[in-house]
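Q: Here's a sequence, model it:
(2 chains)
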Amino acid sequence: MNLNSFKYCLRQSFVSLRRNFWLAVVTACIIAVSLAILGGFLLLAINARQLMSDIGTNVEICVFLYDDAEIESLEAEISALDGVDSVRFVSKHEGLADFARSLGDASLLAGLEGDNNPLPNAFRVRALHTEAVPALAETIRTLPGVELVEYGAELISRLVKITGWLNSLFVGISALLAIGAVFLIVTAIRLSVLARQEEIGIMKYLGASDWFIRFPFLLEGMAMGWLGTLAAVAALFAGYGRLADYLSRDTLAFFIRPVTAGEQLLPIYVGLVLLGTLLGGMGSVISIRKFLRV
Amino acid sequence: MIKFNNVTKIYPGSKQPALSDLTLEIEQGEFVFLVGPSGAGKSTLIKLLFREQLATGGQIFFHGKDIARLDKRQLLKHRRQIGMVFQDFRLLKQKTVFENVAFALEVLGRSTREINFKVPQVLAMVGLAGKEKSFPAELSGGEQQRVGVARALVKDPILLLADEPTGNLDRETSWQLMELFADINRSGTTVIIATHAWDVVDRMQKRVLSLENGRLVRDEKRGSYANEPKFF
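A: Model (predicted):
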């Protein structure tokens, strides 16, 4: 394809978008709706994932130590392990104070201060990922000076299972939604191809190459996909922003912290726009395939 | 230039062949009428030459090349050297006369300069100078077909194929159009016309290939439409 052809195709796409303005608007709307559904679902998915990992990282590994343990070197050693988020040392005294506070009546523990304190020194370890907790606990158990390691084994194994299950569910549903979007887009673009079926036939008779015929449709489809998803993303951005705002003001905020970090949301929005543009182009190429066989 | 070797064409789902065991040769610069009743295989022959359809059996050579074996690029090149004229004109209604003819060059990626130079030239040649800005609906049938001829001519084809080009035109207009085809032929372009216009065929005294039921029944150098020429 030479420069003349490229300029011609570019001009042709604009002319056709203008001529079939309402058809283009309808197609862009269909793309907008199907990608808004997909996008809304993705937002739901990252929130669910965040919730799961919040619960997971709140699970602490309690590492109880012998009195003669080398606290500083042990702390350095645990911190250096893979998957460790933080390590906090809780001395006997702090442990006792915590215990007293949780009992609400310090007098019950009178006489246990100082050398009489029966509690061991301990580390409270947080993992980066829930899945890493069991293996981490196992490794820490073997370190010198460690007497006992405890964590919510049952809870963790359930969380890992649910997270895995949710992940595959989300991937599956997203794929289905994306396929559905492609079908809708293909159907919508086929209307605009049908409107120009005669022109395509004549082009074939005049010796136009397949790409020359396809290219304006490809550009048209991409433009519609781009505009459609831009609208969808704008709606999602505004809608989700308000919802997140509402949730974080409410008392619910204690349980649910909606994802608001730009570095998590931006890839979804940008990804949706790219996906929409790509789907628009793909839809065009698929729609026109049948008409190129002459 | 064109050689058919025992060519047979059977359309899918049909038992009767549209063309059967056809062998013929056409030289460069010839003017050929394809005649015969409807369904005799005239259109099929044209479609095979343009390679819109593939032969079921036999071979078709164009300038020594078996056209069934052309790859995508070669096929494009093959089609670009053939000008097609249709019974129903096949003009784009929303484009002007100029744009319809220019379209043939745009499709081939030619420059605007070349288009602005060539299109008026060809339009003048087919007798449509001054009609550049008209839309097809504003023209008579004969004029519309001239636009179709101009569109086929503008890319300098070495072969012009016309399937019933006068099918929708009255006798006088048909005759004028055929004279235009003869002019084109005189400048060296090979012309093949499928037609029912017996009076024109009889008057022009060109080569006639007569088909019946997919078979070549007559091939005459200076032929007439029917076996016994009709007089009028």
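Q: Remind me what the longest helix belonging to chain A packs against, helices and strands.
A: Taking DSSP state H as the criterion, chain A has its longest helix at helix A:153-195. Helix A:153-195 is packed against helix A:21-58, helix A:133-141, helix A:210-249, helix A:262-289, with contacts defined by 3 or more C-beta pairs under 8 Å, 6 or more residues apart in numbering or on different chains; DSSP states H and E. C-beta: built from backbone N, CA, C; applies to glycine.
Q: run the last query once more with 6 Å
A: Here helix A:153-195 touches helix A:21-58, helix A:262-289, going by 3 or more C-beta pairs under 6 Å, 6 or more residues apart in numbering or on different chains; DSSP states H and E.
Q: Show me which positions of the longest one end up buried.
A: Of the residues in helix A:21-58, those buried by neighbour count under the rule 16 or more other C-beta atoms under 10 Å in any protein chain shown are A:23-24, A:27-36, A:38-40, A:42-43, A:45-53, A:56-57.
Q: distance of the closest residue to residue A:181 other than its chain neighbours from chain B?
A: Excluding the flanking residues, the one nearest residue A:181 by C-beta to C-beta, 6 or more residues apart in numbering or on different chains is residue A:34, at 3.7 Å. To chain B, residue A:34 is 31 Å away according to C-beta to the nearest C-beta, to the nearest Å.
Q: Kindly report the same for residue A:230.
A: 30 Å.
Q: Spatially, which residue comes closest to that residue, not counting chain neighbours?
A: residue A:273 (6.2 Å).
Q: Low-confidence stretches in the chain?
A: No chain was given, so I picked chain A. Low-confidence segments of chain A (pLDDT under 70): A:1, A:56-57, A:250-257, A:294.
Q: meant chain B actually
A: B:228-232.
Q: and it, which residues reach chain A?
A: B:76, B:79, B:80, B:84, B:90, B:92, B:104, B:106, B:107, B:109, B:111 (C-beta under 6 Å from any C-beta of the partner chain).
Q: Could you pick out which of the residues you listed are located in strands?
A: Those of these mapping onto strands are residue B:84, per DSSP state E.
Q: For residue B:135, give me phi and psi.
A: Backbone geometry at residue B:135, expressed as degrees, to the nearest 10, gives phi -100, psi 150.
Q: How many residues are close by the closest residue to it other than its chain neighbours?
A: Nearest residue to residue B:135, sequence neighbours excluded (C-beta to C-beta, 6+ apart): residue B:96, at 5.8 Å. For residue B:96, the tally of surrounding residues (other C-beta atoms under 10 Å in any protein chain shown) stands at 17.
Q: Would you quantify the distance from residue B:96 to residue B:41?
A: 37 Å (C-beta to C-beta, to the nearest Å).
Q: helix/strand/coil for residue A:67?
A: coil (DSSP: H, G, I helix; E, B strand; the rest coil).
Q: What is the burial count for it?
A: By other C-beta under 10 Å, 9 other residues sit near residue A:67.
Q: Phi first, then psi, for it.
A: Per-residue torsions, residue A:67: phi -60, psi -30 (degrees, to the nearest 10).
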